[in-house]
Every structure is written in structure tokens, then in C-alpha cells.
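**Student:** Need coordinates for the following:
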Amino acid sequence: MRNDFDFSPYYRATVGFDRVFDLLDSVAGQAGSSGYPPYNIEKAGDDEYRIVMAVAGFTDAELNVTQKEGELVISGKAQPSTTETEYLYRGIAGRDFERRFQLADYVKVTGARLSNGMLTINLKREIPEEKKARAIRVEAASSPRTITQQ
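**Tutor:** Sure, this is the predicted structure:
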């Protein structure tokens, strides 16, 4: 059972939060998606993250990692097998997939690696210098000087 929530009443009381509500809508829409392929999201440092996805049976040529604006799309398209295999049991999924991740502002993909059936995507949050917090020096007001003439 899907529980739809309407964010439209909040639009009229907020300014500049359209992206937040769009993100909430997209996350709510993904609730019914399958859990394939499984993945972990890891924190690798203060501003570094890693997505590790189990993609057994896929080669690097069959995987596509794309970042556009605030979204990371990982997809896999399995090539048809050239050999005919008769399976008694098939537990390793080889179906096509697409996974979407909403990225926070200033998060960029720094690399992707496929090793032992695990796709590792490294992410780093790089805040521009003008957006970082900076300390402002407060100067004390000098006391007024009195000029006297003798």
C-alpha cells in the first residue's frame, strides 16, 4: 500500500524550497522500487562518501555511471550470453537495472571502480571557497579623542 502525501499546501508558504519538495516526492516514488542490486552507502571521511553496489556478473562495459546536476544514475545492461546454459537453479540475477541517487549540493563523483563483482563509486563534497563559513574580524571602536588647546 502506497501512502501518497501532497506537498502542494507547503509551496505557498515557502520560497526557494522547491528542490526540497521535489526530492521528497522522488524519494517517496522510489519506495516501491526493487532492492536490486543491493548497495551500501559509506562515509569515508569528513566530506567523502562511497557507494558500493553488488553487480555480480556485469562487466565494466555493461555498466554506466552518470552524474547530471544533483542526480547520480547507475545502470547496467547485461549483454545476452553467447552460450546456452541449462540452469537447475538460478540465484544470481543478471537482469538490467537502473539506480538513482539524489546528491546533496556540491557533491561530485571522483571515481568508479569494478572489482570482484563490487562497483565502488567515490563521492566528495567540494564546497566552493565563497560558500564556506569564514570568520569576520570585529574591530573595537576607538574612544573619541578630545583636543584641547592651551
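
**Student:** CA only for contacts and neighbour counts going forward, please
**Tutor:** Fine.

**Student:** partners of the one helix or strand residue 120 maps to in the sheet?
**Tutor:** Residue 120 belongs to strand 118-125 when assigned by DSSP states H and E. Sheet pairing for strand 118-125, assigned by DSSP bridges, gives strand 48-54 (antiparallel), strand 107-115 (antiparallel).

**Student:** CA-only coordinates of that strand, as PDB, when you get a sec.
**Tutor:** The C-alpha coordinates for strand 118-125 follow below in PDB (Å, rounded to 0.1, in the frame of the first residue of the first chain):
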ATOM      1  CA  MET A 118      31.500  -4.900  -6.500                       C
ATOM      2  CA  LEU A 119      31.100  -1.500  -8.100                       C
ATOM      3  CA  THR A 120      32.600   1.300  -5.900                       C
ATOM      4  CA  ILE A 121      31.800   4.900  -6.600                       C
ATOM      5  CA  ASN A 122      33.700   7.500  -4.700                       C
ATOM      6  CA  LEU A 123      32.000  10.900  -3.900                       C
ATOM      7  CA  LYS A 124      33.400  14.100  -2.500                       C
ATOM      8  CA  ARG A 125      31.700  17.200  -1.300                       C
END
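
**Student:** contact partners of it?
**Tutor:** Applying C-alpha atoms under 8 Å, 6 or more residues apart in numbering, the external contacts of strand 118-125 come out as 47-56, 105-114.

**Student:** 10 Å instead?
**Tutor:** Applying C-alpha atoms under 10 Å, 6 or more residues apart in numbering, the set of residues contacting strand 118-125 from outside is 39-60, 63, 65, 74, 103-114.

**Student:** Name only those of the residues you listed that count as buried.
**Tutor:** 39, 48-56, 58-59, 63, 74, 103, 107-109, 114 (16 or more other C-alpha atoms under 10 Å).
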